[in-house]
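Participant: Okay, here's the prediction I keep looking at, along with the sequence it came from:
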Amino acid sequence: MLFDAALAPNIEVERWFGKHNHWSVMAEVWFPWYVFHNNSRSYEVLTIGAELRYWFFPHNGNFRPLHGQFVGLYAAGGKYDLEWKSEGNQGEFTSLGLTYGYAFRLSKHLNMELSVSGGYIGGPYREYEGMFKDTHLIWQRTENFRYWGITKAKISLVWLLGNKK
């Protein structure tokens, strides 16, 4: 829902496995690809990621999959083009880190999930200036960025398929 507020449509698929369904694997993709005002503004991002999660279920025998607290290890990568009034940045990135989250039940087939991830994100990028109504991009310089800290914060509505509990 936070990505949607940032106009970044996304989709995730998650499947639990293992004894008592304590483990899950999640794959995600988000793909806002917008160009505005005769190519002078863009918000183009492609991110693909995966996460291995461990779920801490209560010890009362209620092992409802994808419910309660979890920790995860994620990896992601992608590319982007962010431009405002013919000045922009294009680049690629990789990210690796840890996630903590909590999912609670809203109905039989619907959960809400809250999570925050921290770790590393970085990669090369190129600054450019758009010329001739942005039909030509003139490279200004190439740099690398590196960031350690909070990399994701998510509020998600989760539809559970085939949930029997």
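Facilitator: Cool, got the structure.
Participant: my read: E113 touches L160, true?
Facilitator: No - here E113 lies out of contact with L160, judged by Cβ atoms under 8 Å, at a distance of 11.0 Å. C-beta coordinates here come from the backbone N, C-alpha and C atoms, glycine included.
Participant: any chance you could map the helices in this structure?
Facilitator: 2-5 (DSSP state H).
Participant: Looking at the lengthiest strand in the chain now, give me its mean pLDDT.
Facilitator: When the chain is parsed with DSSP state E, its longest strand is strand 136-159. Taken as a whole, strand 136-159 has a mean pLDDT of 86.
Participant: If you count neighbours, what's buried in it?
Facilitator: 137, 151-152, 154, 156, 158 (16 or more other Cβ atoms under 10 Å).
Participant: Any chance of a markdown table for those, columns distance to Y120?
Facilitator: Conversion of the buried residues of strand 136-159 to a markdown table gives the following (distance: Cβ to Cβ, whole Å):
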| residue | distance to Y120 |
| --- | --- |
| L137 | 28 |
| T151 | 8 |
| K152 | 12 |
| K154 | 18 |
| S156 | 23 |
| V158 | 27 |
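Participant: picking that back up, helices or strands up against the longest strand of the chain?
Facilitator: Secondary-structure packing of strand 136-159 (3 or more Cβ pairs under 8 Å, 6 or more residues apart in numbering; DSSP states H and E): helix 2-5, strand 87-107, strand 110-131.
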